[in-house]
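Engineer: got a predicted model here, sequence first, then my questions.
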Amino acid sequence: AFQGCTKLVNIGFNNRITVIPEKCFSGCTSLANIIIPDNIEQIGESAFQDCTSLTSVVINNKIIAIPNMCFFKCTSLREIVLPEKLETIGENAFAYCANLKKLEIPKTVTTIKMSAFFNCIGIDNIIIPKNVETLEVGVFYGWKENQKIYVEGYSAPPRGWSPFYDYLCHAQIIFESKI
């Protein structure tokens with residue numbers, strides 16, 4: 001719909017809209033802030049991909065999944081408030097968001113897909129809640145030695161986690177029993 005609108009700065013959502021379609025705002029390089037209101041129930045894949053001026057996002061509590069590549073290459077993104085009922089973070093959802101500083105994963109999340117936080121080198125530390133049953137390959141690919149990943153409720157990776165969840169991740173991974 002608005003894909004590639006490089007001069008689009010703000011978005012207002014009509015209260016009858018319930019879905020943000022796939023790639024809807026992809027490449028809107030002037031879009032700076034987004035508040036996704038309560039009437040939105042679903043976000044499509046790559047909806048905000050390549051929104052390189054996007055700095056902050058607040059997502060309503062009806063959203064249960066951040067789809068694949070939703071915020072891929074949002075290189076200026078610094079802060080995002082995720083919904084309290086979130087269950088899934090999709091593949092490459094935040095890949096290349098190197099300036100992302102603050103991200104709190106809700107305790108309701110059960111699945112984090114492949115490369116979800118690929119190269120998010122701006123995050124000092126992150127907590128993986130104990131409800132995360134599935135952690136796919138390379139979720140923290142490219143993370144640096146000065147970054148920390150805290151894992152709640154486990155002393156070692158649980159059975160549902162890929163053996164390669166930490167592929168090319170140099171961050172310190174600290175399981176609860178060692179905190």
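Structural biologist: Happy to help now that I have it. Numbers count the residues shown, from 1 in each chain.

Engineer: what's the local residue count around the closest residue to Y154 other than its chain neighbours?
Structural biologist: Spatially, and ignoring its direct neighbours in sequence, Y154 is nearest to F175 (5.5 Å; Cβ to Cβ, 6 or more residues apart in numbering). Where C-beta positions appear, they are placed from N, C-alpha and C, glycine not excepted. Using other Cβ atoms under 10 Å, F175 is surrounded by 16 other residues.

Engineer: enumerate the beta-bridge partners assigned to F175.
Structural biologist: Counting by DSSP bridges, F175 forms beta bridges with V151.

Engineer: that one reaches I149, doesn't it?
Structural biologist: No. The pair F175 and I149 fails to qualify as a contact (Cβ atoms under 8 Å) at a distance of 9.5 Å.

Engineer: give me the phi and psi for P106.
Structural biologist: Dihedral pair for P106: phi -60, psi 150, per degrees, to the nearest 10.

Engineer: wouldn't it be in contact with T88 here?
Structural biologist: No. P106 is beyond contact range of T88, at 11.0 Å (criterion: Cβ under 8 Å).
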